[in-house]
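# Here you go, sequence then predicted model.
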Amino acid sequence: MTQTFWLTASVLIVLALCFIVAPLVFHRSGRRAALDLRNQNLLAYRSRLDELDRELEAGALDQESYQQLRDELAASLLDDVPDADRGVLESPAMIKGGRSALLVVLGCVIAIPAASVFFYERWGAMDQVEQFLAMQEMATIEGDRRSQMQGLAQQLREKLEASPDNVEGWGMLGRTYMNLQQYEDAAWAFEQLAGNIDNDPRRKATAWGLSAQALFFLNEGDLAGGVSQAIEKARALNPDEVNSLGLLGISAFSQQNFEKALQYWERIVEVAPDHPQLAAIRDGIDQAYQRLGKEPPAASGDDPASSAGVTVRVELDPAFENAVADDTPLFLFARSADQAGGPPLAVARLTAGQLPAVVRLDDRNAMSPQASISGAEAVRVQARLSPSGNAMPRPGDWQGQVADPIPVTANESAPVTLVIDTQLTN
């Protein structure tokens with residue numbers, strides 16, 4: 001791509017040179033041809049004049065005839081030379097002009113390419129071209145990686161369908177489909193996992209909870225479409241199945257039933273104090289207490305400042321201030337910089353009325369135990385205001401993002417500013 005760009009630029013520079021150099025070259029060639037013709041006429045005049053002199057000396061012509069022929073010869077020469085050019089044939093000024101034209105040609109050949117490169121490097125968009133090329137390369141690599149994962153998942157699926165008693169295989173297939181965002185296939189794989197677990201009700205309940213989670217993502221945060229049924233199957237085996245409790249808490253929170261959300265999430269904290277998503281659950285609990293106007297209870301745990309993450313200051317473009325209601329839900333996402341379009345590593349939820357706000361995204365905001373922000377070197381951060389309360393993008397949402405990846409650091413650093421400045425149209 002870079003070679004094509006420079007090749008195209010070179011062709012355009014050569015074309016520009018042609019427009020400047022060609023008139024000088026062809027004009028000089030025409031003048032040279034005219035000079036050659038006039039010099040030939042002059043030589044013919046001198047030769048004929050010598051012949052007349054010899055005829056006069058030999059007595060072949062008298063003085064009167066000689067003078068008459070000489071005058072006619074001079075008049076003929078004058079007719080061949082325009083008035084404007086008389087006296088300038090092969091003049092020093094013309095020779096000097098030819099040299100000047102040659103210098104102009106040489107100067108253009110050197111100056112135009114040099115000036116083009118210099119001014120483009122100073123005022124051009126080469127950095128944007130390089131960014132575009134890097135993005136294309138990353139997209140190609142990501143596409144190849146995704147294709148490879150899909151191929152491996154298909155191979156594993158065919159083998160499991162032929163020999164379905166491999167419990168670990170079904171779990172791996174479900175997680176792979178989740179990473180590929182093929183949520184329907186993931187739900188199916190976790191259902192197969194549940195069907196192949198016989199003597200462990202808690203593991204079977206977990207499989208149904210994971211299936212419910214996949215369907216929840218597929219339905220864009222709605223409990224319909226089989227989610228509720230999967231949750232019921234999980235809780236029938238284990239009322240404290242944490243994936244189901246988590247989904248029920250999210251659903252209750254989105255319906256602004258904050259007390260119900262607290263019941264589900266606080267139950268998770270009670271029955272699973274070592275749960276890998278505990279930090280995110282506690283963050284949800286804090287948000288629910290804030291909505292209820294209550295002070296969150298003090299919770300033991302890791303110091304947030306010691307958790308690896310990123311700090312973001314979220315602002316709303318002044319152009320949208322009057323268009324966005326204060327109670328509009330705000331979702332703040334952090335995704336791995338190495339995996340375009342992958343599942344979020346951390347999610348925080350606020351409202352438009354809280355903006356501007358400084359938010360620390362770390363493992364407290366993790367979405368799943370398999371993916372946490374502390375395991376990434378850098379993340380891309382995006383914010384979305386959703387009047388519908390749905391985390392998936394929809395027309396009418398307002399969105400903003402930080403253009404460059406943000407390094408993940410262990411200690412809280414100066415916040416990176418994110419401005420919500422775009423309204424989605426499709």
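Happy to help now that I have it.

# residues near Arg282, how many?
20 (other Cβ atoms under 10 Å). Glycine gets a C-beta too; all of them are placed from N, C-alpha and C.

# Check which helix or strand it maps to.
helix 278-291 (DSSP states H and E).

# what's in contact with that helix?
Helix 278-291 has contacts (Cβ atoms under 8 Å, 6 or more residues apart in numbering) with 246, 249-250, 253, 256, 258-259, 261-262, 265-266, 268-269, 272, 275, 295-297, 299, 301-302, 307, 346-350, 362-367.

# Show only the entries of those found in helices.
Among these, the members found in helices (DSSP state H) are 246, 249-250, 253, 258-259, 261-262, 265-266, 268-269.

# Tell me the strands beside the following helix or strand past the helix holding Arg282, with direction?
Using DSSP H and E, the helix or strand that directly follows helix 278-291 along the chain is strand 310-316. Strand 310-316 has its sheet partners listed here by DSSP bridges as strand 357-361 (antiparallel), strand 416-420 (parallel).

# Test for you: state the pLDDT assigned to the most far-flung residue of the chain relative to its centre.
For the chain, the largest distance from the centre (Cα atoms, centre = their mean) belongs to Gly59, which lies 97.7 Å off. Here, the pLDDT recorded for Gly59 equals 72.

# what ranges of the stretch 151-300 of the chain fall below the confidence cut-off?
Applying pLDDT under 70 to the stretch 151-300 of the chain picks out residues 276, 298-300.

# Can you show me the helices along this structure?
2-58, 63-80, 92-123, 126-162, 167-179, 183-195, 201-218, 227-237, 242-254, 258-271, 278-291.

# Show me what counts as buried in the shortest one.
Translated: helix 227-237. By 16 or more other Cβ atoms under 10 Å, the buried positions in helix 227-237 come out as 227-228, 230-231, 233-235, 237.

# can you list those residues in JSON lines and add distance to Gly151?
What follows is the buried residues of helix 227-237, written out as JSON lines (distance: Cβ to Cβ, whole Å):
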{"residue": "Val227", "distance to Gly151": "29"}
{"residue": "Ser228", "distance to Gly151": "34"}
{"residue": "Ala230", "distance to Gly151": "28"}
{"residue": "Ile231", "distance to Gly151": "33"}
{"residue": "Lys233", "distance to Gly151": "32"}
{"residue": "Ala234", "distance to Gly151": "31"}
{"residue": "Arg235", "distance to Gly151": "36"}
{"residue": "Leu237", "distance to Gly151": "34"}
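
# how's this structure carved up into domains?
2-124, 144-291, 304-423 (automatic domain parsing).

# Much appreciated, bye for now.
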